[in-house]
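J.: Give the three-dimensional model of this entry:
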Amino acid sequence: MSLTLGGSSNYRSLSHMSSTKAKMDKSLERISSGQRLLSAADDPGGLAVAMKLKSQISSYDAQKDSVENAKSYVEAQSTALQTVSEIVTKMQDLKSDYDDPSATVADKAAYESEFQDLRKQLDSLKGETLNGTKLFNRTDGDMTVSSVTLTNLDLNAKLQNDDSSGNGNQNIGDSSDTSVTLNTVTVTNLSNISDNVSGLVAEAAGDESTLGFTSEYLSNMSINLETARGRIMDVDLAEESANYASLSMQYEAAAAAVAQANVAMGAVLDLLLSSVNRD
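T.: Numbering: from 1, shown residues only. Model (predicted):
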């Protein structure tokens with residue numbers, strides 16, 4: 001009859017130690033990485049959903065970046081239009097001073113010089129750009145950003161107005177037209193142009209507000225999806241730490257069992273050797 005030292009219990013203890021050690025390593029990897037799913041084998045369905053959510057998050061983040069760029073563009077428009085509005089208001093003041101009966105020839109010449117300088121500034125503002133894109137009078141028309149349509153602001157058209165008094169279409173923003181002077185432009189003309197520019201200011205402000213709401217929506221959606229993905233992918237540190245502690249205890253118990261079995265095996269071997277030596 002053959003003699004098996006240690007018995008099957010020792011093999012079971014060794015096998016349990018090996019499997020427990022593998023589980024401990026995986027648990028420790030989860031804790032260190034913060035991820036519950038380390039591979040597709042952990043939860044194929046959950047990982048597939050998490051990947052779809054990540055794709056949606058990337059899409060929302062990309063749209064948000066575009067909206068933020070569009071906000072910068074509209075803010076630049078608003079700044080330019082505020083300057084245009086101030087210039088037109090100054091022109092109205094100059095027109096009032098020019099028509100003042102007490103104004104001398106020299107005064108009128110000074111007012112006219114300032115008026116023409118302001119016209120050149122308006123002409124320059126019409127061609128302002130942001131990162132190579134014209135703020136006004138774009139050739140590509142309206143701009144759509146994440147379903148928000150930004151109307152092409154035709155500043156050139158708003159700086160001209162037919163006062164219906166025989167002076168024709170007065171374009172104060174075209175400095176090459178020398179026929180436009182404080183003598184030919186009318187109070188009504190400047191008032192209408194001021195109203196037109198105010199309309200553009202309001203339109204730009206409306207676009208800016210709409211983009212702000214859109215940006216906030218995209219940001220909240222991205223956060224919500226990231227939270228949903230986290231519920232699938234992120235590990236519960238408290239739960240995993242408790243699991244690791246439990247596995248550690250099991251491993252130590254199996255190691256103690258193996259050690260005890262080895263002691264018993266050593267005692268048996270000693271007895272056998274002693275018996276052999278006596279013989």
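
J.: for the protein, what spans make up the helices?
T.: 7-33, 44-98, 105-126, 155-158, 187-233, 237-278 (DSSP state H).

J.: Output those in TSV; the columns should cover mean pLDDT.
T.: Formatted as TSV, the helices of the chain follow (pLDDT from 0 to 100):
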stretch	mean pLDDT
helix 7-33	73
helix 44-98	92
helix 105-126	95
helix 155-158	91
helix 187-233	91
helix 237-278	68
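
J.: And the ones you listed: which comes nearest Met143?
T.: helix 44-98 (7.4 Å; CB to CB). Every C-beta, even on glycine, is put in place using the N, C-alpha and C of the backbone.

J.: tell me the angle the closest one makes with helix 105-126.
T.: 170 degrees (axes from the mean of the first three to the mean of the last three CA atoms, to 10 degrees).

J.: ok now helix 44-98, how far from the chain's centre?
T.: 12 Å (CA atoms, centre = their mean, to the nearest Å).

J.: cool, stretch 221-229 as well?
T.: Worked out by CA atoms, centre = their mean, stretch 221-229 lies 14 Å from the chain centre.

J.: and Thr144, which of the helices of the chain is closest to it?
T.: helix 44-98 (9.6 Å).

J.: quick check: angle from that closest one to helix 187-233?
T.: 160 degrees.

J.: which other helices and strands contact helix 44-98?
T.: On a contact count with 3 or more CB pairs under 8 Å, 6 or more residues apart in numbering; DSSP states H and E, helix 44-98 meets helix 105-126, strand 129-130, strand 143-145, strand 148-150, helix 187-233.

J.: who does the first one touch, helix- and strand-wise?
T.: So the one you mean is helix 105-126. Applying 3+ CB pairs under 8 Å, 6+ apart, one finds that helix 105-126 contacts helix 44-98, helix 155-158.

J.: Which strands and helices lie in contact with the shortest one?
T.: With contacts defined as 3+ CB pairs under 8 Å, 6+ apart, the secondary structure elements packing on helix 155-158 are helix 105-126, helix 187-233.

J.: change it to 7 Å
T.: The contact analysis (3 or more CB pairs under 7 Å, 6 or more residues apart in numbering; DSSP states H and E) places helix 155-158 against helix 187-233.

J.: and among the helices and strands packed on helix 105-126, the most buried is which?
T.: helix 155-158 (a mean of 19; mean count of other CB atoms under 10 Å).

J.: quick one: that one to chain centroid distance?
T.: For helix 155-158, the distance to the chain centre is 33 Å (CA atoms, centre = their mean).

J.: what does it rub up against?
T.: Helix 155-158 has contacts (CB atoms under 7 Å, 6 or more residues apart in numbering) with Val84, Lys126, Phe136, Asn137, Gly173, Ile193, Asn196, Val197, Leu200.

J.: Alpha carbons only: can I get stretch 226-242 in CSV?
T.: Provided in CSV are the C-alpha atoms of stretch 226-242 (Å, rounded to 0.1, in the frame of the first residue of the first chain):
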residue,chain,number,x,y,z
GLU,A,226,-19.7,61.1,-17.0
THR,A,227,-21.5,60.3,-13.7
ALA,A,228,-23.4,57.5,-15.4
ARG,A,229,-20.2,56.1,-16.9
GLY,A,230,-18.6,56.4,-13.4
ARG,A,231,-21.4,54.2,-11.9
ILE,A,232,-20.3,51.5,-14.4
MET,A,233,-16.6,51.9,-14.5
ASP,A,234,-15.5,53.3,-11.1
VAL,A,235,-14.8,51.0,-8.2
ASP,A,236,-16.3,51.4,-4.8
LEU,A,237,-13.2,51.8,-2.7
ALA,A,238,-14.8,51.0,0.6
GLU,A,239,-16.3,47.8,-0.8
GLU,A,240,-13.2,46.8,-2.7
SER,A,241,-11.0,47.5,0.4
ALA,A,242,-13.2,45.3,2.5
